[in-house]
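Quick check, what structure comes out for this input:
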Amino acid sequence: MYQETKDSLFTAPQLRWGVIGCGVIANQMAEALAAEGRHIDGVANRTHEKAVAFVDKHGVARVYDTIDDLIAAPDIDVLYLTTPHNTHITYLRKALTAGKHVLCEKSITLNSAELAEARELASAHGVQLMDACTILHMPLYKELQRRIDAGDFGRVNLIQENFGSYKEYDMKNRFFNPELAGGALLDIGVYYSLTLARLFLKSQPHEALSMMNPAPMGTDETEGILLRNAEGQMVVLSLTMHSKQPKRAMISADKAYLEIMEYPRADRASIVWTETGAREELQVGNTLQALSYVLADMERAVAGDEYARAQLGTSADVMELMTNLRADWNFKYPEEL
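Now for the predicted structure:
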């Protein structure tokens, strides 16, 4: 069981970090480490000039000429993979086989088969693989899990979530381009809605109903998803990439319902008690430290923390759900054809 302490951030032995890619997430990683008085030890990018600029901006110890050089570097312990998700399995195969621990940005892979392969490689080579989905690492969700497991709210009956972004119809960007594994499900479905839902369900859903509207390039733009598990717990999700919605999650239980706004990196939840209508405001962690929680959990996993290591099981369940949903829609990415 997770237990939060005041000094729980970066408590494991410090690792030497490398990052593949130097986009938005890599910049956030550098800032998160800098806030703790630390730095990235190595970086590589498909475009070498961008990697050089990244080093100059963030004081990274070394820029590598190629991604393969970084993967092979003996003075790097763990890699953060921040490239587009249709490239992940290629780099995961190389990095895990080379004996590197890997923290992988969402979506960790395209489908369940790829994730199963990556998990087998990690096991075979004695290294840790972790999903960087912030919901798995935010202290708020760990505390809510603890209270649900303790029975504070009674049985969870229904989880309802909305997430809507308004992305312009630029079919060359990653949000809609099938060549970059675009679409609502892999971009916001995994990172937010399905992961949050799976955390608070007693078991993996075995029933699914859904509808999907495609974007002009064929990727999934809008979807409604209904799930149910063997215990009768239900999940209702609404995801959109071209229509704005609030980022709102509601968890309805016997004794209370929980409401979480801006839930991808949330540090607050409202608890409304069924019997009295009283509202409890819960704050745990800090939204601004989201990437720090992710990095700290990775170091804990490498150090042997079983709670941190178990998070990949949730990711595997989520990937199974997404793979099955896309099969229902007869929607495959070019790499899967």
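
Please count neighbours and contacts with C-alpha atoms only from this point.
Noted.

so where's the stretch 51-200 of the chain uncertain?
Applying pLDDT under 70 to the stretch 51-200 of the chain flags residues 191.

Mind doing that once more with 80?
Low-confidence segments of the stretch 51-200 of the chain (pLDDT under 80): 189-191.

Now do the strands in it.
78-81, 101-104, 129-131, 156-166 (DSSP state E, counting those that start in this stretch).

nearest to residue 263, of the ones you listed?
strand 156-166 (9.2 Å; C-alpha to C-alpha).

what packs against the closest one?
Applying 3 or more C-alpha pairs under 8 Å, 6 or more residues apart in numbering; DSSP states H and E, one finds that strand 156-166 contacts strand 234-240, strand 242-253.

After that strand, which helix or strand is next? Please name it.
Counting by DSSP states H and E, the next helix or strand C-terminal to strand 156-166 is helix 184.

That following helix packs against which elements?
strand 220-228.

picking up where we left off before, between the strands of the stretch 51-200 of the chain, which one is nearest to residue 22?
That would be strand 78-81 among these, by C-alpha to C-alpha, at 9.7 Å.

Include distance to residue 274 and mean neighbour count when you put the strands of the stretch 51-200 of the chain into a markdown table, please.
Listed next are the strands of the stretch 51-200 of the chain as a markdown table, based on distance: least, C-alpha to C-alpha, whole Å; neighbours: other C-alpha atoms under 10 Å:
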| stretch | distance to residue 274 | mean neighbour count |
| --- | --- | --- |
| strand 78-81 | 43 | 26 |
| strand 101-104 | 40 | 26 |
| strand 129-131 | 35 | 27 |
| strand 156-166 | 13 | 20 |
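
Residue 96 contacts residue 123, correct?
No: counting by C-alpha atoms under 8 Å, residue 96 does not reach residue 123; the two are 9.0 Å apart.

Those two: which has the busier surroundings?
Counted by other C-alpha atoms under 10 Å, residue 96 and residue 123 do not tie: residue 96 has more neighbours, with 26 against 13.

Nearest residue to the more buried one in space, ignoring adjacent ones along the chain?
Among residues not flanking residue 96 along the chain, residue 122 sits closest, at 5.6 Å (C-alpha to C-alpha, 6 or more residues apart in numbering).

burial of the one you found, as a residue count?
Neighbours of residue 122 using other C-alpha under 10 Å come to 23.

thought it was touching residue 128?
Yes: using C-alpha under 8 Å, residue 122 is in contact with residue 128, at 6.0 Å.

what do the two both touch?
Counting by C-alpha atoms under 8 Å, 6 or more residues apart in numbering, the contacts common to residue 122 and residue 128 are residue 101.

domains of this structure?
With domains defined by automatic domain parsing, the chain comprises 17-132, 135-287+306-336.

Please tell me how far residue 308 sits from residue 12.
Using C-alpha to C-alpha, to the nearest Å, we find residue 308 at a distance of 11 Å from residue 12.

for residue 325, same thing?
38 Å.

cool, residue 88 as well?
With C-alpha to C-alpha as the criterion, residue 88 and residue 12 are 26 Å apart.

who has more neighbours, these two?
residue 88 (22 against 17).

and that one, what does it touch?
By C-alpha under 8 Å, 6+ apart, the neighbours of residue 88 are 81, 104, 108-109.

what do you get for residue 278?
Here residue 278 is in contact with residue 272 (C-alpha under 8 Å, 6+ apart).

what number of residues lie near residue 291?
Residue 291 - counted by other C-alpha under 10 Å - has 24 other residues nearby.

and it, helix, strand or coil?
helix (DSSP: H, G, I helix; E, B strand; the rest coil).

In contact with it, which residues?
Counting by C-alpha under 8 Å, 6+ apart, residue 291 touches 28-29, 32, 134.

let's go with 7 Å and repeat that
Contacts for residue 291 were tallied using C-alpha atoms under 7 Å, 6 or more residues apart in numbering; they are 28-29, 32.

could these go into JSON lines alongside pLDDT and neighbour count?
Converted to JSON lines, the contacts of residue 291 look like this (pLDDT from 0 to 100; neighbours: other C-alpha atoms under 10 Å):
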{"residue": "28", "pLDDT": "95", "neighbour count": "16"}
{"residue": "29", "pLDDT": "96", "neighbour count": "22"}
{"residue": "32", "pLDDT": "94", "neighbour count": "21"}
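
Out of the residues you listed, which is nearest to residue 185?
Distances from residue 185 to those, taken by C-alpha to C-alpha, are shortest for residue 28, at 23.2 Å.

how near is the closest one to residue 48?
Separation of residue 28 from residue 48 (C-alpha to C-alpha) stands at 19 Å.

can I assume residue 272 sits in a strand?
Yes: counting by three-state DSSP, residue 272 is located in a strand.

residues making contact with stretch 190-209?
Here stretch 190-209 has contacts from 106-107, 133, 135, 145, 159, 161, 225-230, 233, 235, 264, 314, 317-318, using C-alpha under 7 Å, 6+ apart.
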